[in-house]
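# curious how this folds, go ahead:
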Amino acid sequence: MPAALIPSSARVLPLAVRGQGARIHTADGRDYIDGSSGPLAANLGHGHPAMLDALHRQSHELVFAHRGQFRNAPAERLAVEVAARLGPGFGRSSFVCGGSEAVELAMKLAHMTWAAEGRPGKHRFVSGGVSYHGNTLGAMNLSGQPRYSSAFRPLVRGEQTITVPQTFRLGVPDGSTAAREAVARLRAEFAALDVEHTAAVVLEGVGGSSSGVVVPPPGFFEELRALCDEHDVLWICDEVMSGFGRTGRWFAFQHSTAVPDIVCFAKGVAGGYAPLGGVTVSDRVWERISTAFPSVAAGHTFTNFPLNCAVGLAALAVIEEEDLLRRVTERGERLGRQLGVIAEGAGIIGDVRGTGYMWGLEFTLPGTTEPFDPALDVTARAVAAAAEHGLLVYPARLCAGDGLGDALIVAPPLNATDDELDDLLSRLDDSLRSIRASLDI
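Residues are numbered from 1 along each chain as shown. I've put the predicted structure just below:
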(Lines give C-alpha, C1' and ligand atoms only; values in the text may rest on other atoms or scores of the structure.)
Protein backbone atom coordinates (compact mmCIF):
# COMPACT_ATOMS: atom_id res chain seq x y z
CA MET A 1 0.00 0.00 0.00
CA PRO A 2 1.48 3.41 -0.92
CA ALA A 3 2.48 5.80 1.86
CA ALA A 4 -0.20 8.48 2.04
CA LEU A 5 -0.65 9.22 5.72
CA ILE A 6 1.61 11.64 7.56
CA PRO A 7 3.48 9.24 9.90
CA SER A 8 2.62 9.33 13.58
CA SER A 9 5.71 7.42 14.66
CA ALA A 10 9.30 7.02 13.56
CA ARG A 11 8.81 3.28 14.06
CA VAL A 12 7.21 1.08 11.42
CA LEU A 13 3.89 0.22 13.03
CA PRO A 14 1.91 -3.02 12.59
CA LEU A 15 -1.42 -2.91 10.76
CA ALA A 16 -4.32 -3.46 13.16
CA VAL A 17 -7.23 -5.37 11.65
CA ARG A 18 -9.44 -6.52 14.54
CA GLY A 19 -10.00 -5.90 18.23
CA GLN A 20 -11.77 -8.01 20.81
CA GLY A 21 -11.77 -7.50 24.55
CA ALA A 22 -8.30 -6.42 25.67
CA ARG A 23 -6.63 -7.74 22.52
CA ILE A 24 -5.79 -6.22 19.16
CA HIS A 25 -4.96 -8.47 16.22
CA THR A 26 -2.74 -7.39 13.33
CA ALA A 27 -2.46 -8.28 9.66
CA ASP A 28 0.66 -10.39 10.27
CA GLY A 29 -1.26 -12.72 12.58
CA ARG A 30 -0.03 -11.40 15.93
CA ASP A 31 -2.15 -10.50 18.93
CA TYR A 32 -1.34 -7.72 21.38
CA ILE A 33 -2.64 -7.25 24.90
CA ASP A 34 -3.84 -3.65 25.05
CA GLY A 35 -2.15 -2.95 28.36
CA SER A 36 -2.68 0.80 28.17
CA SER A 37 -6.15 1.01 26.58
CA GLY A 38 -4.43 2.79 23.70
CA PRO A 39 -3.65 6.20 25.21
CA LEU A 40 -5.92 5.37 28.19
CA ALA A 41 -8.96 5.78 25.96
CA ALA A 42 -10.24 2.29 25.07
CA ASN A 43 -11.58 1.90 28.60
CA LEU A 44 -14.19 -0.66 27.61
CA GLY A 45 -11.91 -2.73 25.43
CA HIS A 46 -12.64 -3.63 21.85
CA GLY A 47 -15.77 -5.02 20.21
CA HIS A 48 -18.12 -4.52 23.17
CA PRO A 49 -21.60 -5.41 21.86
CA ALA A 50 -23.44 -2.68 23.80
CA MET A 51 -21.12 -0.02 22.42
CA LEU A 52 -21.42 -1.28 18.85
CA ASP A 53 -25.21 -1.40 19.26
CA ALA A 54 -25.25 2.24 20.41
CA LEU A 55 -23.32 3.28 17.31
CA HIS A 56 -25.70 1.31 15.11
CA ARG A 57 -28.92 2.56 16.70
CA GLN A 58 -27.97 6.23 16.74
CA SER A 59 -26.65 6.13 13.17
CA HIS A 60 -30.13 5.06 12.07
CA GLU A 61 -31.85 7.87 13.99
CA LEU A 62 -29.81 11.07 13.89
CA VAL A 63 -26.11 11.44 13.16
CA PHE A 64 -25.70 15.20 12.75
CA ALA A 65 -27.61 18.25 13.94
CA HIS A 66 -25.71 21.52 14.18
CA ARG A 67 -25.69 23.10 17.63
CA GLY A 68 -26.67 26.51 16.20
CA GLN A 69 -29.76 25.08 14.54
CA PHE A 70 -31.06 22.29 16.78
CA ARG A 71 -30.96 20.76 20.23
CA ASN A 72 -30.53 17.01 20.32
CA ALA A 73 -31.59 14.42 22.88
CA PRO A 74 -28.32 12.44 23.25
CA ALA A 75 -26.32 15.57 24.11
CA GLU A 76 -28.93 16.84 26.55
CA ARG A 77 -29.22 13.45 28.26
CA LEU A 78 -25.44 13.05 28.46
CA ALA A 79 -25.10 16.48 30.08
CA VAL A 80 -27.54 15.42 32.79
CA GLU A 81 -25.77 12.09 33.34
CA VAL A 82 -22.28 13.60 33.54
CA ALA A 83 -23.42 16.28 35.98
CA ALA A 84 -25.00 13.62 38.19
CA ARG A 85 -21.71 11.74 38.39
CA LEU A 86 -19.75 14.88 39.16
CA GLY A 87 -21.96 15.49 42.15
CA PRO A 88 -23.93 18.44 43.55
CA GLY A 89 -23.11 21.87 42.20
CA PHE A 90 -22.49 20.91 38.56
CA GLY A 91 -25.03 21.46 35.85
CA ARG A 92 -23.80 22.84 32.51
CA SER A 93 -21.77 20.89 29.94
CA SER A 94 -20.61 21.17 26.37
CA PHE A 95 -19.31 18.23 24.35
CA VAL A 96 -16.43 18.34 21.88
CA CYS A 97 -14.34 15.78 20.01
CA GLY A 98 -11.37 15.26 22.30
CA GLY A 99 -9.22 16.28 25.22
CA SER A 100 -7.32 19.12 23.57
CA GLU A 101 -10.57 20.78 22.53
CA ALA A 102 -11.99 20.28 26.01
CA VAL A 103 -9.00 21.96 27.66
CA GLU A 104 -9.18 24.87 25.22
CA LEU A 105 -12.88 25.33 25.96
CA ALA A 106 -12.20 25.21 29.70
CA MET A 107 -9.60 27.96 29.29
CA LYS A 108 -12.09 30.10 27.37
CA LEU A 109 -14.78 29.59 29.98
CA ALA A 110 -12.37 30.53 32.77
CA HIS A 111 -11.48 33.75 30.99
CA MET A 112 -15.17 34.49 30.34
CA THR A 113 -15.90 34.04 34.05
CA TRP A 114 -13.62 36.92 34.96
CA ALA A 115 -14.56 39.02 31.92
CA ALA A 116 -18.20 38.77 33.01
CA GLU A 117 -17.16 40.37 36.30
CA GLY A 118 -15.29 43.19 34.58
CA ARG A 119 -11.85 41.63 35.18
CA PRO A 120 -10.61 40.68 31.70
CA GLY A 121 -7.02 41.14 32.86
CA LYS A 122 -7.25 37.73 34.53
CA HIS A 123 -6.16 35.82 31.43
CA ARG A 124 -3.07 33.88 32.55
CA PHE A 125 -3.01 30.23 33.56
CA VAL A 126 -0.97 27.98 35.84
CA SER A 127 -0.18 24.33 35.19
CA GLY A 128 2.16 21.67 36.56
CA GLY A 129 5.82 21.88 35.63
CA VAL A 130 5.57 18.25 34.49
CA SER A 131 2.22 18.10 32.73
CA TYR A 132 0.39 17.54 29.47
CA HIS A 133 -2.95 19.06 28.56
CA GLY A 134 -3.29 18.64 24.82
CA ASN A 135 -1.78 19.15 21.40
CA THR A 136 -3.57 22.23 20.11
CA LEU A 137 -1.71 25.50 20.58
CA GLY A 138 -3.72 26.77 23.54
CA ALA A 139 -3.62 23.44 25.38
CA MET A 140 0.04 22.99 24.49
CA ASN A 141 0.68 26.37 26.09
CA LEU A 142 -0.41 24.82 29.38
CA SER A 143 1.69 21.69 29.03
CA GLY A 144 4.62 22.09 31.37
CA GLN A 145 7.05 19.82 29.57
CA PRO A 146 8.99 21.66 26.84
CA ARG A 147 9.21 18.49 24.75
CA TYR A 148 5.58 18.83 23.75
CA SER A 149 6.03 22.29 22.28
CA SER A 150 9.67 22.43 21.17
CA ALA A 151 8.75 21.90 17.50
CA PHE A 152 6.23 24.73 17.57
CA ARG A 153 8.14 27.67 19.03
CA PRO A 154 7.49 30.58 18.91
CA LEU A 155 3.81 29.72 18.43
CA VAL A 156 3.80 28.44 22.02
CA ARG A 157 5.22 30.68 24.74
CA GLY A 158 4.44 28.68 27.89
CA GLU A 159 2.57 29.62 31.05
CA GLN A 160 3.25 29.80 34.78
CA THR A 161 4.00 26.47 36.42
CA ILE A 162 4.02 24.90 39.85
CA THR A 163 5.55 21.62 40.98
CA VAL A 164 3.37 18.54 40.63
CA PRO A 165 3.34 16.43 43.81
CA GLN A 166 6.09 13.95 42.91
CA THR A 167 6.50 12.57 46.42
CA PHE A 168 8.81 9.80 45.12
CA ARG A 169 11.74 12.22 44.95
CA LEU A 170 11.12 14.18 48.14
CA GLY A 171 13.49 11.86 49.97
CA VAL A 172 10.93 11.29 52.73
CA PRO A 173 10.12 7.62 53.38
CA ASP A 174 6.97 8.31 55.38
CA GLY A 175 3.94 8.91 53.15
CA SER A 176 2.15 11.34 55.47
CA THR A 177 5.30 13.45 55.86
CA ALA A 178 5.80 13.49 52.10
CA ALA A 179 2.19 14.61 51.65
CA ARG A 180 2.69 17.47 54.11
CA GLU A 181 5.84 18.55 52.29
CA ALA A 182 4.04 18.52 48.93
CA VAL A 183 1.24 20.65 50.37
CA ALA A 184 3.72 23.08 51.93
CA ARG A 185 5.55 23.43 48.63
CA LEU A 186 2.27 24.11 46.84
CA ARG A 187 1.50 26.87 49.34
CA ALA A 188 4.93 28.46 48.90
CA GLU A 189 4.85 28.32 45.10
CA PHE A 190 1.32 29.72 44.96
CA ALA A 191 2.55 32.79 46.83
CA ALA A 192 4.95 33.53 43.97
CA LEU A 193 2.33 33.40 41.20
CA ASP A 194 0.90 36.39 39.39
CA VAL A 195 -2.54 35.71 40.84
CA GLU A 196 -3.81 39.21 39.97
CA HIS A 197 -3.74 38.24 36.30
CA THR A 198 -4.38 34.50 36.67
CA ALA A 199 -7.69 33.04 35.53
CA ALA A 200 -7.19 29.43 36.62
CA VAL A 201 -4.89 26.67 37.80
CA VAL A 202 -5.08 23.59 35.56
CA LEU A 203 -3.94 20.27 37.04
CA GLU A 204 -4.55 16.65 36.11
CA GLY A 205 -6.71 14.58 38.45
CA VAL A 206 -3.93 12.00 38.27
CA GLY A 207 -0.87 12.73 36.17
CA GLY A 208 -0.67 10.97 32.83
CA SER A 209 2.01 10.59 30.18
CA SER A 210 3.92 13.64 31.40
CA SER A 211 4.57 12.50 34.96
CA GLY A 212 4.16 8.75 34.75
CA VAL A 213 1.03 8.66 36.91
CA VAL A 214 1.69 11.02 39.78
CA VAL A 215 -1.16 10.66 42.28
CA PRO A 216 -1.84 13.80 44.35
CA PRO A 217 -1.27 12.93 48.03
CA PRO A 218 -3.95 13.40 50.71
CA GLY A 219 -4.65 17.05 51.37
CA PHE A 220 -3.13 18.35 48.14
CA PHE A 221 -6.36 19.16 46.31
CA GLU A 222 -7.96 20.47 49.49
CA GLU A 223 -5.07 22.93 49.86
CA LEU A 224 -5.31 23.87 46.19
CA ARG A 225 -9.03 24.57 46.60
CA ALA A 226 -8.37 26.81 49.59
CA LEU A 227 -5.58 28.71 47.82
CA CYS A 228 -7.70 29.27 44.71
CA ASP A 229 -10.54 30.63 46.82
CA GLU A 230 -8.20 32.85 48.80
CA HIS A 231 -6.61 34.38 45.70
CA ASP A 232 -9.61 34.60 43.35
CA VAL A 233 -8.38 31.92 40.95
CA LEU A 234 -10.44 29.13 39.40
CA TRP A 235 -9.44 25.46 39.55
CA ILE A 236 -9.75 23.48 36.32
CA CYS A 237 -9.36 19.74 36.85
CA ASP A 238 -8.13 17.90 33.75
CA GLU A 239 -9.72 14.45 33.91
CA VAL A 240 -9.05 13.56 30.27
CA MET A 241 -7.04 10.46 31.23
CA SER A 242 -8.22 9.84 34.77
CA GLY A 243 -11.97 10.28 34.42
CA PHE A 244 -14.87 7.85 34.01
CA GLY A 245 -13.77 4.99 36.21
CA ARG A 246 -10.07 4.80 35.45
CA THR A 247 -9.10 5.29 39.13
CA GLY A 248 -12.11 3.50 40.64
CA ARG A 249 -14.17 6.68 40.98
CA TRP A 250 -16.06 8.50 38.27
CA PHE A 251 -13.41 11.24 38.50
CA ALA A 252 -10.02 11.17 40.16
CA PHE A 253 -10.59 14.38 42.14
CA GLN A 254 -13.35 12.50 43.98
CA HIS A 255 -10.67 10.67 45.97
CA SER A 256 -10.42 14.00 47.82
CA THR A 257 -13.09 16.18 49.41
CA ALA A 258 -12.21 19.16 47.21
CA VAL A 259 -14.38 20.17 44.25
CA PRO A 260 -13.09 22.00 41.13
CA ASP A 261 -14.79 24.90 39.36
CA ILE A 262 -14.45 23.38 35.88
CA VAL A 263 -13.85 19.76 34.85
CA CYS A 264 -12.65 18.76 31.40
CA PHE A 265 -12.72 15.16 30.19
CA ALA A 266 -12.43 12.95 27.10
CA LYS A 267 -11.08 9.47 26.27
CA GLY A 268 -13.01 7.21 28.68
CA VAL A 269 -16.26 9.16 28.43
CA ALA A 270 -17.01 7.19 25.26
CA GLY A 271 -14.94 4.15 26.17
CA GLY A 272 -12.78 4.59 23.08
CA TYR A 273 -15.68 4.03 20.68
CA ALA A 274 -16.11 7.62 19.47
CA PRO A 275 -14.09 10.87 19.54
CA LEU A 276 -15.74 12.57 22.50
CA GLY A 277 -14.68 15.05 25.14
CA GLY A 278 -16.36 17.73 27.16
CA VAL A 279 -16.37 20.41 29.80
CA THR A 280 -18.68 20.77 32.77
CA VAL A 281 -18.75 23.98 34.80
CA SER A 282 -19.97 24.40 38.34
CA ASP A 283 -23.25 26.19 38.92
CA ARG A 284 -21.27 28.96 40.62
CA VAL A 285 -19.17 29.52 37.51
CA TRP A 286 -22.10 29.31 35.11
CA GLU A 287 -24.07 31.88 37.10
CA ARG A 288 -21.17 34.30 36.71
CA ILE A 289 -20.67 33.62 32.98
CA SER A 290 -24.35 33.79 32.11
CA THR A 291 -24.76 37.30 33.52
CA ALA A 292 -22.79 38.59 30.52
CA PHE A 293 -22.84 35.62 28.13
CA PRO A 294 -26.21 33.83 28.04
CA SER A 295 -24.81 31.65 25.24
CA VAL A 296 -21.24 30.62 24.52
CA ALA A 297 -19.98 30.97 20.95
CA ALA A 298 -16.91 28.82 21.56
CA GLY A 299 -17.94 25.60 19.85
CA HIS A 300 -17.02 23.83 16.64
CA THR A 301 -18.81 22.04 13.82
CA PHE A 302 -19.16 18.81 15.79
CA THR A 303 -19.89 20.30 19.22
CA ASN A 304 -22.64 18.24 20.91
CA PHE A 305 -22.51 15.74 18.03
CA PRO A 306 -25.50 13.38 18.53
CA LEU A 307 -23.75 10.17 17.44
CA ASN A 308 -20.81 10.63 19.80
CA CYS A 309 -23.01 11.65 22.71
CA ALA A 310 -25.16 8.54 22.26
CA VAL A 311 -22.00 6.46 22.49
CA GLY A 312 -21.08 8.35 25.67
CA LEU A 313 -24.43 7.46 27.20
CA ALA A 314 -23.84 3.80 26.36
CA ALA A 315 -20.38 3.91 27.98
CA LEU A 316 -21.82 5.24 31.24
CA ALA A 317 -24.45 2.52 31.19
CA VAL A 318 -21.85 -0.22 30.65
CA ILE A 319 -19.69 1.07 33.51
CA GLU A 320 -22.67 0.92 35.83
CA GLU A 321 -24.27 -2.31 34.59
CA GLU A 322 -20.96 -4.20 34.79
CA ASP A 323 -20.13 -2.64 38.18
CA LEU A 324 -16.75 -1.54 36.86
CA LEU A 325 -16.04 1.10 39.51
CA ARG A 326 -16.09 -1.62 42.15
CA ARG A 327 -14.04 -4.00 40.02
CA VAL A 328 -11.40 -1.37 39.27
CA THR A 329 -11.16 -0.44 42.95
CA GLU A 330 -10.83 -4.00 44.19
CA ARG A 331 -8.90 -5.57 41.31
CA GLY A 332 -6.76 -2.43 40.98
CA GLU A 333 -5.24 -2.95 44.42
CA ARG A 334 -4.20 -6.45 43.43
CA LEU A 335 -2.87 -5.17 40.10
CA GLY A 336 -0.70 -2.66 41.92
CA ARG A 337 0.75 -5.37 44.17
CA GLN A 338 1.46 -7.62 41.20
CA LEU A 339 3.19 -4.81 39.35
CA GLY A 340 5.30 -4.19 42.44
CA VAL A 341 6.47 -7.80 42.50
CA ILE A 342 7.35 -7.71 38.80
CA ALA A 343 9.17 -4.38 39.23
CA GLU A 344 11.21 -5.72 42.11
CA GLY A 345 12.26 -8.70 40.04
CA ALA A 346 13.32 -6.49 37.15
CA GLY A 347 15.63 -4.43 39.37
CA ILE A 348 15.39 -1.28 37.23
CA ILE A 349 12.06 0.11 38.48
CA GLY A 350 12.46 2.62 41.30
CA ASP A 351 8.80 3.44 41.80
CA VAL A 352 5.43 1.83 41.09
CA ARG A 353 2.65 4.36 41.67
CA GLY A 354 -0.98 4.68 40.80
CA THR A 355 -4.49 3.73 41.72
CA GLY A 356 -7.28 1.68 40.18
CA TYR A 357 -6.31 0.70 36.65
CA MET A 358 -3.81 3.55 36.17
CA TRP A 359 -0.21 2.70 37.09
CA GLY A 360 3.16 4.20 36.34
CA LEU A 361 6.46 2.32 36.51
CA GLU A 362 9.47 4.65 36.69
CA PHE A 363 12.87 3.34 35.62
CA THR A 364 15.87 4.16 37.81
CA LEU A 365 19.43 2.96 38.19
CA PRO A 366 19.37 -0.19 40.36
CA GLY A 367 19.03 0.52 44.06
CA THR A 368 18.67 4.30 43.61
CA THR A 369 16.18 7.01 42.71
CA GLU A 370 18.50 8.27 39.96
CA PRO A 371 17.13 8.41 36.41
CA PHE A 372 18.92 6.72 33.52
CA ASP A 373 21.01 8.73 31.08
CA PRO A 374 18.51 10.28 28.61
CA ALA A 375 20.74 9.14 25.75
CA LEU A 376 19.71 5.55 26.50
CA ASP A 377 16.04 6.44 25.89
CA VAL A 378 14.87 3.69 28.22
CA THR A 379 11.23 4.63 27.65
CA ALA A 380 11.50 3.90 23.92
CA ARG A 381 13.28 0.64 24.71
CA ALA A 382 10.49 -0.29 27.11
CA VAL A 383 7.72 0.38 24.61
CA ALA A 384 9.56 -1.52 21.88
CA ALA A 385 10.40 -4.47 24.13
CA ALA A 386 6.80 -4.71 25.26
CA ALA A 387 5.59 -4.69 21.66
CA GLU A 388 8.03 -7.49 20.84
CA HIS A 389 6.34 -9.51 23.58
CA GLY A 390 2.85 -8.67 22.31
CA LEU A 391 2.06 -6.01 24.91
CA LEU A 392 1.02 -2.38 24.46
CA VAL A 393 2.12 0.07 27.15
CA TYR A 394 2.16 3.87 27.10
CA PRO A 395 5.34 5.97 27.27
CA ALA A 396 6.04 8.61 29.93
CA ARG A 397 9.32 10.25 28.98
CA LEU A 398 10.99 12.98 31.07
CA CYS A 399 8.69 12.28 34.00
CA ALA A 400 11.30 13.41 36.54
CA GLY A 401 11.60 16.90 35.03
CA ASP A 402 14.70 18.78 33.87
CA GLY A 403 14.95 16.58 30.80
CA LEU A 404 15.26 13.39 32.87
CA GLY A 405 13.14 10.40 33.69
CA ASP A 406 11.78 7.30 31.97
CA ALA A 407 8.55 5.51 32.76
CA LEU A 408 5.78 3.48 31.22
CA ILE A 409 2.08 3.38 32.00
CA VAL A 410 0.01 0.25 32.53
CA ALA A 411 -3.71 0.94 32.24
CA PRO A 412 -5.78 -1.99 30.95
CA PRO A 413 -9.43 -1.71 29.91
CA LEU A 414 -11.72 -1.46 32.92
CA ASN A 415 -13.51 -4.64 31.85
CA ALA A 416 -10.41 -6.71 31.11
CA THR A 417 -10.87 -10.31 32.25
CA ASP A 418 -8.65 -11.93 34.86
CA ASP A 419 -7.11 -14.09 32.12
CA GLU A 420 -6.28 -10.99 30.07
CA LEU A 421 -4.75 -9.29 33.11
CA ASP A 422 -2.66 -12.38 33.87
CA ASP A 423 -1.45 -12.43 30.27
CA LEU A 424 -0.61 -8.71 30.54
CA LEU A 425 1.48 -9.28 33.66
CA SER A 426 3.31 -12.24 32.18
CA ARG A 427 4.23 -10.32 29.04
CA LEU A 428 5.28 -7.30 31.09
CA ASP A 429 7.55 -9.44 33.24
CA ASP A 430 9.24 -10.86 30.15
CA SER A 431 9.54 -7.36 28.65
CA LEU A 432 11.21 -5.82 31.69
CA ARG A 433 13.70 -8.66 31.97
CA SER A 434 14.68 -8.20 28.34
CA ILE A 435 15.15 -4.45 28.87
CA ARG A 436 17.38 -5.15 31.86
CA ALA A 437 19.49 -7.51 29.77
CA SER A 438 19.79 -4.97 26.93
CA LEU A 439 21.02 -2.27 29.33
CA ASP A 440 23.90 -4.52 30.41
CA ILE A 441 23.87 -3.42 34.07
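
# separation between the closest residue to residue 400 other than its chain neighbours and residue 353?
Spatial nearest neighbour of residue 400, excluding adjacent residues (C-beta to C-beta, 6 or more residues apart in numbering): residue 371 at 5.1 Å. All C-beta spots, glycine's among them, are computed from the backbone N, C-alpha and C. Using C-beta to C-beta, to the nearest Å, residue 371 is found at 15 Å from residue 353.

# got the phi and psi for the residue nearest to residue 400?
With angles defined as degrees, to the nearest 10, residue 371 sits at phi -70, psi 160.

# same deal with residue 274?
Dihedral angles (degrees, to the nearest 10) for residue 274: phi -160, psi 150.

# isn't it right up against residue 59?
No - shown here, residue 274 and residue 59 do not form a contact pair, counting by C-beta atoms under 8 Å, at 10.9 Å.

# now the common contact residues for those two.
Common neighbours of residue 274 and residue 59, using C-beta atoms under 8 Å, 6 or more residues apart in numbering, are residue 307.

# so which of those two has more stuff around it?
residue 274 (21 against 12; other C-beta atoms under 10 Å).

# check what pLDDT the more buried one gets.
For residue 274, the pLDDT comes out at 98.

# for it, what are its contacts?
Counting by C-beta under 8 Å, 6+ apart, residue 274 touches 55, 307, 308, 311, 312.

# what do you get if the cut-off is 6 Å, keeping everything else the same?
By C-beta atoms under 6 Å, 6 or more residues apart in numbering, the contact set of residue 274 is 308, 311.

# state the distance from it to residue 280.
18 Å.

# what do you get for residue 32?
34 Å.

# same deal with residue 98?
In terms of C-beta to C-beta, residue 98 sits 16 Å off from residue 280.

# now the strands for the stretch 51-200 of the chain?
Secondary structure of the stretch 51-200 of the chain (DSSP state E, counting those that start in this stretch): strands at 90-96, 124-128, 160-162, 198-204.

# now stretch 46-57: buried residues?
Across stretch 46-57, burial judged by 16 or more other C-beta atoms under 10 Å covers 46, 48, 51, 54, 55.

# stretch 35-49 now?
Using 16+ other C-beta under 10 Å as the test for burial, stretch 35-49 gives 35-46, 48.

# starting at the chain centroid, how far to that stretch?
14 Å (C-alpha atoms, centre = their mean, to the nearest Å).

# now swap in stretch 134-150 and tell me
For stretch 134-150, the distance to the chain centre is 15 Å (C-alpha atoms, centre = their mean).

# show me what counts as buried in that stretch.
Going by 16+ other C-beta under 10 Å, stretch 134-150 has these buried residues: 134, 138, 139, 140, 141, 142, 143, 144, 145, 148, 149.

# residue 15 versus the fourth one, what's the distance?
In this structure, residue 140 and residue 15 are 30 Å apart, going by C-beta to C-beta.

# then residue 21?
Taking C-beta to C-beta, one finds residue 21 at 20 Å from residue 15.

# neighbour count winner among these two?
A count of neighbours by other C-beta under 10 Å puts residue 21 above the other of residue 21 and residue 15, at 18 against 8.

# from residue 35, how far out is the nearest residue to that one once chain neighbours are set aside?
Sequence neighbours aside, residue 45 is the residue nearest to residue 21 in space, at 4.9 Å (criterion: C-beta to C-beta, 6+ apart). Remark: distance between residue 45 and residue 35 (C-beta to C-beta) = 12 Å.

# where does pLDDT dip in the stretch 101-250 of the chain?
171-174 (pLDDT under 70).

# for residue 264, phi and psi?
According to degrees, to the nearest 10, residue 264 has phi -110, psi 150.

# same check, this time on the one 3 residues further on
As for residue 267, its main-chain torsions (degrees, to the nearest 10) stand at phi 40, psi -90.

# tell me which strands and helices the host helix or strand of residue 436 is in contact with?
Assessed by DSSP states H and E, residue 436 sits inside helix 418-439. Packing partners of helix 418-439 (3 or more C-beta pairs under 6 Å, 6 or more residues apart in numbering; DSSP states H and E): strand 31-34, helix 324-346, helix 378-388.
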